[in-house]
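**Q** Okay, sequence plus prediction incoming.
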Number of protein chains: 6
Amino acid sequence: MEGRLETGIPGLDEVTGGGWILPSTVLIAGAPGTGKTTIAVQSLFHGARKGETGVYFTGISEPGWVVQHFLKGFSFYDQALIESGKVIFVDVGAAVRKSAQEGVERIQQEVERIAPARIVVDPISVIRAAVESERLYRETLHDLVAFMKGMNCVLFLTAESEYDEKRPGLESHMVDAILSLSHPKEGHARRKYLEVVKMRGSKHMSGEQSADLSDAGFVVHPGLH
Amino acid sequence: MEGRLETGIPGLDEVTGGGWILPSTVLIAGAPGTGKTTIAVQSLFHGARKGETGVYFTGISEPGWVVQHFLKGFSFYDQALIESGKVIFVDVGAAVRKSAQEGVERIQQEVERIAPARIVVDPISVIRAAVESERLYRETLHDLVAFMKGMNCVLFLTAESEYDEKRPGLESHMVDAILSLSHPKEGHARRKYLEVVKMRGSKHMSGEQSADLSDAGFVVHPGLH
Amino acid sequence: MEGRLETGIPGLDEVTGGGWILPSTVLIAGAPGTGKTTIAVQSLFHGARKGETGVYFTGISEPGWVVQHFLKGFSFYDQALIESGKVIFVDVGAAVRKSAQEGVERIQQEVERIAPARIVVDPISVIRAAVESERLYRETLHDLVAFMKGMNCVLFLTAESEYDEKRPGLESHMVDAILSLSHPKEGHARRKYLEVVKMRGSKHMSGEQSADLSDAGFVVHPGLH
Amino acid sequence: MEGRLETGIPGLDEVTGGGWILPSTVLIAGAPGTGKTTIAVQSLFHGARKGETGVYFTGISEPGWVVQHFLKGFSFYDQALIESGKVIFVDVGAAVRKSAQEGVERIQQEVERIAPARIVVDPISVIRAAVESERLYRETLHDLVAFMKGMNCVLFLTAESEYDEKRPGLESHMVDAILSLSHPKEGHARRKYLEVVKMRGSKHMSGEQSADLSDAGFVVHPGLH
Amino acid sequence: MEGRLETGIPGLDEVTGGGWILPSTVLIAGAPGTGKTTIAVQSLFHGARKGETGVYFTGISEPGWVVQHFLKGFSFYDQALIESGKVIFVDVGAAVRKSAQEGVERIQQEVERIAPARIVVDPISVIRAAVESERLYRETLHDLVAFMKGMNCVLFLTAESEYDEKRPGLESHMVDAILSLSHPKEGHARRKYLEVVKMRGSKHMSGEQSADLSDAGFVVHPGLH
Amino acid sequence: MEGRLETGIPGLDEVTGGGWILPSTVLIAGAPGTGKTTIAVQSLFHGARKGETGVYFTGISEPGWVVQHFLKGFSFYDQALIESGKVIFVDVGAAVRKSAQEGVERIQQEVERIAPARIVVDPISVIRAAVESERLYRETLHDLVAFMKGMNCVLFLTAESEYDEKRPGLESHMVDAILSLSHPKEGHARRKYLEVVKMRGSKHMSGEQSADLSDAGFVVHPGLH
């Protein structure tokens, strides 16, 4: 796959028509409990095992050690990759608190220094919370996305609520790909689904794909319902 | 169960895949009458009977004696555990009225002094009401959650309305686990349900579980519909 | 029934599991025409016939003589109980207009002077209209409810619109019991229902109970649909 | 019928359980085209034929001659009753434009001067538009309603949109009776309905009653669907 | 038909019970693509062929030549009637931009000078956009409507979105007649409907009437579904 | 086709009744992933192959090279047409950031210099974000649309969310044609549809038409469901 990166999520390379496009920005949207962080971090570890460097920007919603604490149960988690600096957790909480601009600058400095292939900003809504107006958020996000395009990496942004096609957030318009995660109730049970709602420049599978979240991480079952 | 605490709610250890994770923050969301306070306090008394100390922060919506007045009908209620200081009701109403910051500081001082294993803040919405902006609330909540992580305890936050997956509050994104309580009308009757919507770091049962609220307290019937 | 008061509404003692809890606060919510005022006043007159004193705080939405004018058609209405001071209508309209605080103080003074067993504030929304912010309303209501708890009485608050479980008002969280009245259309007809949505400290019947409003006042038919 | 006035709308005396209560305030709510103004004015003319005086406060949404222009097609319209001063159209538009207070004062002066048995304010929403806050509107409306109670008349207020039980306007709480008019689509056709949603102090028929609007005016068919 | 004008829309004279009432104000509401402008202009040309003068106030949403450009495909369009001054397009865009008041004054001056029988203001929402508050809009609209009543003409106002009976705009209350246009999806297809929702002073056909929009203009098929 | 331009989208000339009208403004509305940008750019390349010049105004949501990067996979993409200046990507991002007015002026200057037959502004919502009030947006958009009418070209505006007939944006009222793109879920799958909701001056096919988005670009299947 030229100019593409394996997703690291079983089944998702097939659904996306060949993995993440390089460079591109991917929005991962879903309600709490649908597996957004798992997909993003699972992809980082996958890249790291292939020799890439990946960065997870944290400190935004909680310190890195807390994220790692909950990730340890997953089989894809590998402490050695963290210790060898292939997967890096960077705390930008203090910077974002000062201002969104400072948070974004801190992210950019780290990315320039590390030159990672995969980057996670989880969740992007904190940037929104840190700016006064929608207009400023649009500009800040635009700058971040444009900067990442120049770094030839895949940038993952997570959105904290269900993807709503009737009222897509402005992130939806700026990104190249949108993954929508859901776990609708069917009777009293829930089933998990992943859908590639948008993926520019790639013929991809449309519609909801059945998915699972287990100790092995996130798995997609293309074409299975 | 290493690093976990029994919930004290019959059936809920099974649903959560082994009890509360230590440390973690648990959001208990539900409309009035669904049993939020009961679950939280029942868990405190259970821990106390095991030798732990538990704190219920009150004075936020009403004085401690009022809460106790209505709890007396439950069989898990044990006045001796209150008198021996294993279950503590702390009134932080005056502090919160001055400012959210002062309320949170008061909570932190008490927690540092008592070092409890289980903590209840009921309801969390009062903190929201005491700050001016959503941004400030996010920071205040972040500080509270991060502080508790460092204390190696389970923190229960109650949310006063039905959990809405379409518009999850920002608490939903910060917590490690979400319990959603509901009592939908089925014809003219109501049935009670508990669902673990999210539980980081633990394989748990998904979907709605049938539940009851009686003099014995809250009971979950895993897998029964 | 120790620590409980008969409701005075046929069938409601059974539904509530033994009448009003003493002390407690009861929210009676329902759209116009569902019988909120009738239930509250019918309960006052019932208590008065048992020798209690009851107070209806009025002047909030209209003068007392108007309320009485429309109550005269009910068989539970007894002019003698008003004349003997067992059922008292107090006009606090002027006080509330000055400020919510003054209205609440006036209510408290009267309650301290009269020491009634049952108190009606109809409707509570006027207090809300008289304060500037939700935060202040929460505090004002909190003070009122806490004060009444100390007076060992049952306080009835009426809420002027249908009880909405998706967006329960903050009154819902502060009260000990919630009665939801409704009269849904079934075809072109309407049927009346009463539901005890929440009742702390008491095992009560859940679900909607069929009800009637006639010259005899409000009647509940437990378990009948 | 002691203390009651014939409605003048065929079938409506039966539905209301004996006509308008004296004194009382009646809200007539309905979307455009449902017949609110027709019912109100038809009732005025009926009273005038019985010897009463009725006043229609106009100039609020349009001059009196325009209202009369469109009423001329109805058989209940009688120019002689206008000329003899039994049905009076009063223009208070200029007063309301200055302030809601001045509009209300103008209405009160006229009512004191004329001492009518039936009064129409069509539509009440203009008073709302003329005050700055909901709080002030509540007070203004309260004063108007209380004043009219003292004048021993029936006051009709029209509300310009469909009665919404989920979000009843505050007028709904202040009035003694609510007539809800509707004309729902059934397939591509529409049928008219009138419902007495609330009527204090009177046993009335509940549910939607079939209705017609013809050259003869508004007619209700109680119990016919 | 005394005091009435032929509509010029095949089938609509029958639906309205005899054409437009003189004087009256007619609101034509519908989503984009339903034919609002077509009905209004088709009616102007019809009147012009009968010898009346009609004015279309433009420059509000776009210059007159653009409107004419798109009208040329309709068979009712007649360039000669424009050249002979029987159908006049007046650009009031510059005036409205200065202020709503100036726009309305410009309209009134032209109407006084031309004394047309039919007037179109398309769309009315631009007046709303040009005033600061709803209150001011109500007054401005009131003045415009009242002025037109004095000119003995039919005034057509177009509203740019679907008529919503649950939330009728305030224009709905001020006008004498409301035409609601719709083109609901039925499966993947759309069908057109016209409904006279309100028509004061005239017995009219109620319910949705099937309609077509072709090169011949707008056509209504009364009673056909 | 006199005064019309081929759309360049297979099947769309038939649906529109003969291609784009010259001059006209076309709104292309749809949620992310429905193919708005594809249709607009595919039309530009089609015109360019016929010898026209087309301009895509970019820099609004992202730099031109990024757009081109994702377009390269489409068979209609032709790098030679870009190099020969028949399809031009103009970055107006810096100008829009200064002010909406400056962005619009920059667009107008380029259009005057290049005199293109087809122009894309993708997305129009950025202009909205750059002005303070809806009123100013209306004026800015009005000026842009009026200017383009004078340039005898087809102007494409994209709107970033699903076309909502209940709440059409004000762009909907100003444009001559509206294409609504959708991809509703049918079970777990999605199907694509294109609908011409409005097209002034042309008899067009109404209702949803089945569509596909593949490496060949956007294709419409008129009359096929």
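**A** It's in. Since the structure is predicted, the reported quantities are computational estimates derived from the model, not experimental observations.

**Q** Give the bridge partners for the spatially most central residue of chain A, please.
**A** Among the residues of chain A, the one closest to the centroid is residue A:156, at 3.1 Å (Cα atoms, centre = their mean). Beta-bridge pairing for residue A:156 (DSSP bridges): residue A:26, residue A:120.

**Q** any idea how far residue D:56 is from it?
**A** Noted for residue A:156: a distance of 67 Å to residue D:56, by Cβ to Cβ, to the nearest Å. Glycine gets a C-beta too; all of them are placed from N, C-alpha and C.

**Q** Please enumerate the strands of chain A.
**A** For chain A, the strands defined by DSSP state E occupy A:4-5, A:20-21, A:24-29, A:54-58, A:87-91, A:118-121, A:154-159, A:177-182, A:185-186, A:189-190, A:192-199, A:208-214, A:217-221.

**Q** Need those in a markdown table (columns: mean pLDDT).
**A** Putting the strands of chain A into a markdown table (pLDDT from 0 to 100) gives the following:
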| stretch | mean pLDDT |
| --- | --- |
| strand A:4-5 | 96 |
| strand A:20-21 | 96 |
| strand A:24-29 | 97 |
| strand A:54-58 | 93 |
| strand A:87-91 | 93 |
| strand A:118-121 | 97 |
| strand A:154-159 | 97 |
| strand A:177-182 | 97 |
| strand A:185-186 | 92 |
| strand A:189-190 | 94 |
| strand A:192-199 | 96 |
| strand A:208-214 | 95 |
| strand A:217-221 | 97 |
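
**Q** So which of those strands is nearest residue C:67?
**A** Closest of the strands of chain A to residue C:67 is strand A:185-186, at 46.4 Å (criterion: Cβ to Cβ).

**Q** With adjacent residues omitted, what lies nearest to the residue of chain A found nearest chain E?
**A** The minimum distance from chain A to chain E, using Cβ to the nearest Cβ, falls at residue A:166 (16.1 Å). Leaving aside its chain neighbours, residue A:166 sits nearest to residue F:162 (5.9 Å; criterion: Cβ to Cβ, 6 or more residues apart in numbering or on different chains).

**Q** how about the one you found, phi and psi?
**A** Backbone torsions for residue F:162, taken as degrees, to the nearest 10, come to phi -50, psi 140.

**Q** list the contacts for it?
**A** Under the criterion of Cβ atoms under 8 Å, 6 or more residues apart in numbering or on different chains, the neighbours of residue F:162 are A:165, A:166, F:29, F:30, F:31, F:180, F:182.

**Q** quick one on the thing from earlier: so which of the strands of chain A gets nearest residue C:93?
**A** strand A:185-186 (48.7 Å).

**Q** How about the closest one and chain F, any contact?
**A** No - Strand A:185-186 is not in contact with chain F by Cβ under 8 Å from any Cβ of the partner chain; minimum separation 11.7 Å.

**Q** Okay, now the unreliable bits of chain A?
**A** Residue ranges of chain A with pLDDT under 70: A:1-2, A:59-63, A:225.

**Q** what does it put close to chain B?
**A** By the rule Cβ under 8 Å from any Cβ, the part of chain A lying against chain B is A:31-33, A:61-63, A:66, A:69-73, A:93, A:97, A:123, A:125-126, A:129-130, A:160-162, A:164, A:183, A:185, A:187-190, A:214-215.

**Q** closest point of chain A to chain F, which residue?
**A** residue A:198 (3.2 Å).

**Q** Name all residues that make contact with the residue nearest to that residue when sequence neighbours are not counted.
**A** Among residues not flanking residue A:198 along the chain, residue F:33 sits closest, at 3.2 Å (Cβ to Cβ, 6+ apart). Residues near residue F:33 by Cβ under 8 Å, 6+ apart: A:178, A:197, A:198, A:199, F:183.

**Q** now with 10 Å?
**A** Applying Cβ atoms under 10 Å, 6 or more residues apart in numbering or on different chains to residue F:33 gives the contacts A:165, A:168, A:172, A:177-178, A:180, A:195-200, A:204, A:206, F:181, F:183, F:190, F:192, F:213.

**Q** same thing with residue A:106?
**A** So residue A:106 contacts A:57, A:59, A:90, A:91, A:92, A:93, A:94, A:95, A:96, A:98 (Cβ under 10 Å, 6+ apart).

**Q** hang on, the residue of chain A closest to chain E packs against residue F:30?
**A** No - between residue A:166 and residue F:30 there is no contact under Cβ atoms under 10 Å: 11.9 Å.

**Q** Tell me which stretches of chain A form helices.
**A** Per DSSP state H, chain A carries helices over the ranges A:12-15, A:36-49, A:64-71, A:79-83, A:93-98, A:100-114, A:125-129, A:134-150, A:170-174.

**Q** Relative to residue B:210, how far out is the residue of chain A most remote from its centre?
**A** Here the centre of chain A is the reference, and by Cα atoms, centre = their mean the most remote residue is residue A:187, at 30.1 Å. Distance of residue A:187 to residue B:210, computed by Cβ to Cβ: 12 Å.

**Q** Can you name the residue of chain A nearest chain D?
**A** residue A:166 (21.6 Å).

**Q** end to end, how far does stretch A:166-181 reach?
**A** Stretch A:166-181 has an end-to-end distance of 16 Å (Cα to Cα, to the nearest Å).

**Q** Quick check: buried residues in it?
**A** A:168-181 (16 or more other Cβ atoms under 10 Å in any protein chain shown).

**Q** which among the residues you listed gets closest to chain B?
**A** For the buried residues of stretch A:166-181, the residue nearest chain B by Cβ to the nearest Cβ is residue A:181; the value is 11.7 Å.

**Q** can I assume that closest one is in contact with residue A:193?
**A** Yes - in this structure, residue A:181 is within contact of residue A:193 by Cβ under 10 Å, at 7.2 Å.

**Q** Quick check: neighbours shared by those two?
**A** Jointly contacting residue A:181 and residue A:193 under the rule Cβ under 10 Å, 6+ apart are A:30, A:34, A:211.

**Q** Save those as TSV, and put in neighbour count and distance to residue F:15 too.
**A** Shown next, in TSV, are the shared contacts of residue A:181 and residue A:193 (neighbours: other Cβ atoms under 10 Å in any protein chain shown; distance: Cβ to Cβ, whole Å):
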residue	neighbour count	distance to residue F:15
A:30	25	36
A:34	27	38
A:211	27	37
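
**Q** Let's have those in CSV, adding distance to residue B:142.
**A** Shown next, in CSV, are these (distance: Cβ to Cβ, whole Å):
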residue, distance to residue B:142
A:30, 21
A:34, 22
A:211, 30
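
**Q** out of those, which one sits closest to chain B?
**A** Nearest to chain B out of the shared contacts of residue A:181 and residue A:193 is residue A:34 (Cβ to the nearest Cβ; 8.4 Å).

**Q** which residues does the closest residue to the closest one other than its chain neighbours bridge with?
**A** Computed as Cβ to Cβ, 6+ apart, the closest residue to residue A:34 that is not its neighbour in sequence is residue A:181, at 3.8 Å. For residue A:181, the beta-bridge partners under DSSP bridges are residue A:194.

**Q** For PyMOL, write the selection for the buried entries among the residues of chain A next to chain B.
**A** To isolate the buried members of those in PyMOL, using 16+ other Cβ under 10 Å:
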select buried, chain A and resi 31+32+33+61+62+63+66+69+70+71+93+97+123+125+126+129+130+160+161+162+164+183+190
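
**Q** circling back: how close does the residue nearest to residue A:198 sit to residue F:10?
**A** 20 Å.

**Q** Then residue A:106?
**A** In terms of Cβ to Cβ, residue A:106 sits 49 Å off from residue F:10.

**Q** and residue A:197, how many residues sit next to it?
**A** When neighbours are defined as other Cβ atoms under 10 Å in any protein chain shown, residue A:197 has 24 of them.

**Q** Next, the contact list for it, please.
**A** A:27, A:29, A:163, A:165, A:168, A:172, A:177-180, A:204, A:206-208, F:31-34, F:183, F:190.

**Q** let's see it at 6 Å
**A** Going by Cβ atoms under 6 Å, 6 or more residues apart in numbering or on different chains, residue A:197 touches A:178, A:180, F:33.
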